[in-house]
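>>> Need coordinates for the following:
(one chain, ligands or ions: 1)
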Amino acid sequence: MQVLGINGSPRHKGNSQYLMSLFMEEMKAKGNDTQVLDAVKLNINPCIGCGNCETKGVCIFKDDFTDIFLPAVIKADIIVLSSPIYFYAFPAALKALIDRIQVLWSRKYRLKMDEFKDRKRKGVLFAVGATKGKDLFDGLKLTARYFFDAADIQYKTELCYRGVDKKGGMENHPTLHEDIRNLARKL
Ligand SMILES: Cc1cc2nc3c(=O)[nH]c(=O)nc-3n(C[C@H](O)[C@H](O)[C@H](O)COP(=O)(O)O)c2cc1C
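The predicted model follows:
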């Protein structure tokens, strides 16, 4: 299977990148092909809501979204979003990529294309945040749900960790390795 990881954090070797690296090691060990894209390294235009995709099924922009991100999303069997909470939302670079997925939403819901027919694609969310509130991850979960839906991906589950702030904050987490192993087994 082709496993695509999308890192939302701009922080190099931060907490969400650490989660992603553990998960990808596990998936590689199971014989899957893996690819990780860092949202901040992709050079993209934000969606301008022009509506071109709603009638033509393609975006007016040609950039790293059309050349790198979209082909990787289409090819993947499993997609993992791994991100910190920024003001109860995804960081801007990742949110800009998610907004551009409007092109897949348009193909599915406006143009009634069934481009992922016969493919059972799965999605997972990893998230970290510094505080501990009950609703901390609600924004990310909702956005992830509709991102996965637009791309015809079944949103399987999420691993969310509260009270994690400093770099390295996940490294001694008591259940993390087991959480990741269990998840990789289930997928
Ligand atoms: C711009 C910015 C906004 C943040 N907003 C929140 C927030 O709303 N709630 C929260 O609990 N943590 C917030 N944080 C803390 C990060 O989510 C936390 O430090 C996380 O562990 C960083 O993960 P990373 O190492 O993968 O970047 C924010 C951090 C930054 C830099």
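
>>> what number of residues lie near the residue nearest to residue 138 when sequence neighbours are not counted?
Leaving aside its chain neighbours, residue 138 sits nearest to residue 88 (7.6 Å; criterion: C-beta to C-beta, 6 or more residues apart in numbering). C-beta: built from backbone N, CA, C; applies to glycine. Using other C-beta atoms under 10 Å, the number of residues around residue 88 comes to 14.

>>> Which residues does stretch 26-33 contact?
1-3, 34, 78, 180-181, 184, 187 (C-beta atoms under 8 Å, 6 or more residues apart in numbering).

>>> May I see the buried residues of it?
Neighbour counts over stretch 26-33 (16 or more other C-beta atoms under 10 Å) mark 26-27, 32 as buried.

>>> just to revisit the earlier point, show me the two of the contacts of stretch 26-33 that sit farthest apart.
Across these, no pair lies farther apart than 2 and 181, at 20.7 Å, counting by C-beta to C-beta.

>>> mind putting the contacts of stretch 26-33 in JSON lines, pLDDT and secondary structure included?
Shown next, in JSON lines, are those (pLDDT from 0 to 100; DSSP: H, G, I helix; E, B strand; the rest coil):
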{"residue": "1", "pLDDT": "97", "secondary structure": "coil"}
{"residue": "2", "pLDDT": "98", "secondary structure": "strand"}
{"residue": "3", "pLDDT": "98", "secondary structure": "strand"}
{"residue": "34", "pLDDT": "98", "secondary structure": "strand"}
{"residue": "78", "pLDDT": "98", "secondary structure": "strand"}
{"residue": "180", "pLDDT": "98", "secondary structure": "helix"}
{"residue": "181", "pLDDT": "97", "secondary structure": "helix"}
{"residue": "184", "pLDDT": "96", "secondary structure": "helix"}
{"residue": "187", "pLDDT": "93", "secondary structure": "coil"}
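
>>> restrict those to contacts with the ligand.
Filtering the contacts of stretch 26-33 for proximity to the ligand by C-beta under 6 Å from any ligand atom leaves nothing.

>>> Could I get the contacting residues of the closest residue to residue 124 other than its chain neighbours?
Using C-beta to C-beta, 6+ apart and skipping residues adjacent in sequence, the residue nearest residue 124 is residue 80, 4.8 Å away. Contact partners of residue 80, counting by C-beta under 8 Å, 6+ apart, are 3-6, 20, 23, 123-126.

>>> for the protein, what's the longest helix?
Taking DSSP state H as the criterion, the chain has its longest helix at helix 15-29.

>>> Drop anything exposed from the contacts of stretch 26-33.
Neighbour counting by 16+ other C-beta under 10 Å classes 3, 34, 78, 180, 184, 187 among the contacts of stretch 26-33 as buried.

>>> quick one on the thing from earlier: and the contacts of residue 80 as JSON lines, adding distance to residue 139?
Putting the contacts of residue 80 into JSON lines (distance: C-beta to C-beta, whole Å) gives the following:
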{"residue": "3", "distance to residue 139": "25"}
{"residue": "4", "distance to residue 139": "22"}
{"residue": "5", "distance to residue 139": "21"}
{"residue": "6", "distance to residue 139": "17"}
{"residue": "20", "distance to residue 139": "20"}
{"residue": "23", "distance to residue 139": "22"}
{"residue": "123", "distance to residue 139": "17"}
{"residue": "124", "distance to residue 139": "17"}
{"residue": "125", "distance to residue 139": "11"}
{"residue": "126", "distance to residue 139": "15"}
